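Engineer: The sequence isn't on hand, but the structure is:
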């Protein structure tokens, strides 16, 4: 792929964040992840300054988002490849940008006369409810606070902790287990996309001297190294932060709006040619 510098603000349990990561994998693009797990389920988009990356995402959004929507939602993509960063929210806008900017090196639209599988799956002719369930299914099966949904007390330090690189594929179940822990503990990492079968299992690089293979080794290391055991684990009834810097809409309404917005073609018709 062409030279690029992409920063993705997302959280693992979101189906729309999953959609963006799927296409980053299809395009073979590496990207930096800034995990933004929720702090509560009672107000859609509510967060405080104890969130490690949501305040920065809000800053990016307020200063440069191209969307007309005034509310910060996730995913949020910052394309800092050029001097003037492009800030995009809404999965539809992000996918259109990715394919139009970085899609020239991808395989042709038709292989042996047939459309690529990723095009067929994302086609708007498939009823939206089936496309949505295929995205949301993994999160519905793992609706637990520490599975990439809610912020978990973490002692990770942005300045002193070593950089982390995750070699993974979005469709790999073991890779998801590692991403869940990285997300809930708000640990930033560089994601290296892999689509080949022999490389689907996750590999974690910590600085240049430690390499871990497989979900168990990776998750055990992350949990033992960065989970703050002096504080309570999150629950599905976590209260709204006292100092709410985000939105104040109800969760059902926010989920409904996201569902309606997503009813468009998951990928713009002219994006994957």
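Structural biologist: Ah, there it is. Just so you know, these numbers come straight off a predicted model, no measurement behind them.
Engineer: any chance you could map the strands in the stretch 1-150 of the chain?
Structural biologist: 6-10, 31-35, 43-44, 76-79, 86-89, 110-111, 114-115 (DSSP state E, counting those that start in this stretch).
Engineer: Switch the ones you listed over to JSON lines, and while doing so, append distance to residue 170 and mean neighbour count to every line.
Structural biologist: In this view, the C-beta of every residue, glycine as well, is placed from N, C-alpha and C. As requested, those are exported to JSON lines (distance: least, CB to CB, whole Å; neighbours: other CB atoms under 10 Å):
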{"stretch": "strand 6-10", "distance to residue 170": "12", "mean neighbour count": "23"}
{"stretch": "strand 31-35", "distance to residue 170": "11", "mean neighbour count": "23"}
{"stretch": "strand 43-44", "distance to residue 170": "25", "mean neighbour count": "21"}
{"stretch": "strand 76-79", "distance to residue 170": "15", "mean neighbour count": "24"}
{"stretch": "strand 86-89", "distance to residue 170": "19", "mean neighbour count": "21"}
{"stretch": "strand 110-111", "distance to residue 170": "21", "mean neighbour count": "10"}
{"stretch": "strand 114-115", "distance to residue 170": "20", "mean neighbour count": "12"}
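Engineer: Columns mean pLDDT on top of the ones you listed, output as CSV?
Structural biologist: Output for the strands of the stretch 1-150 of the chain, formatted as CSV (pLDDT from 0 to 100):
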stretch, mean pLDDT
strand 6-10, 97
strand 31-35, 97
strand 43-44, 80
strand 76-79, 94
strand 86-89, 89
strand 110-111, 56
strand 114-115, 64
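Engineer: so can I have JSON lines of these showing distance to residue 177?
Structural biologist: Below are the strands of the stretch 1-150 of the chain laid out as JSON lines (distance: least, CB to CB, whole Å):
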{"stretch": "strand 6-10", "distance to residue 177": "17"}
{"stretch": "strand 31-35", "distance to residue 177": "14"}
{"stretch": "strand 43-44", "distance to residue 177": "26"}
{"stretch": "strand 76-79", "distance to residue 177": "24"}
{"stretch": "strand 86-89", "distance to residue 177": "27"}
{"stretch": "strand 110-111", "distance to residue 177": "31"}
{"stretch": "strand 114-115", "distance to residue 177": "32"}
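Engineer: Let me know which of the ones you listed is the nearest to residue 21.
Structural biologist: Across the strands of the stretch 1-150 of the chain, residue 21 has its closest neighbour in strand 6-10 (7.3 Å, CB to CB).
Engineer: between the closest one and strand 31-35, how many degrees?
Structural biologist: Orientation of strand 6-10 against strand 31-35 (axes from the mean of the first three to the mean of the last three CA atoms, to 10 degrees) gives an angle of 30 degrees.
Engineer: Neighbouring strands - and their directions - for strand 6-10?
Structural biologist: The strands that strand 6-10 pairs with in its sheet are strand 31-35 (parallel), strand 76-79 (antiparallel) (by DSSP bridges).
Engineer: Check the offset of it from the chain's centre.
Structural biologist: Computed by CA atoms, centre = their mean, to the nearest Å, the chain-centroid distance of strand 6-10 equals 7 Å.
Engineer: Hmm, residue 20 is touching residue 9, no?
Structural biologist: No - using CB atoms under 8 Å, residue 20 is not in contact with residue 9; the gap is 10.4 Å.
Engineer: Now the common contact residues for the two.
Structural biologist: Both residue 20 and residue 9 are in contact with 75, 77, where contact means CB atoms under 8 Å, 6 or more residues apart in numbering.
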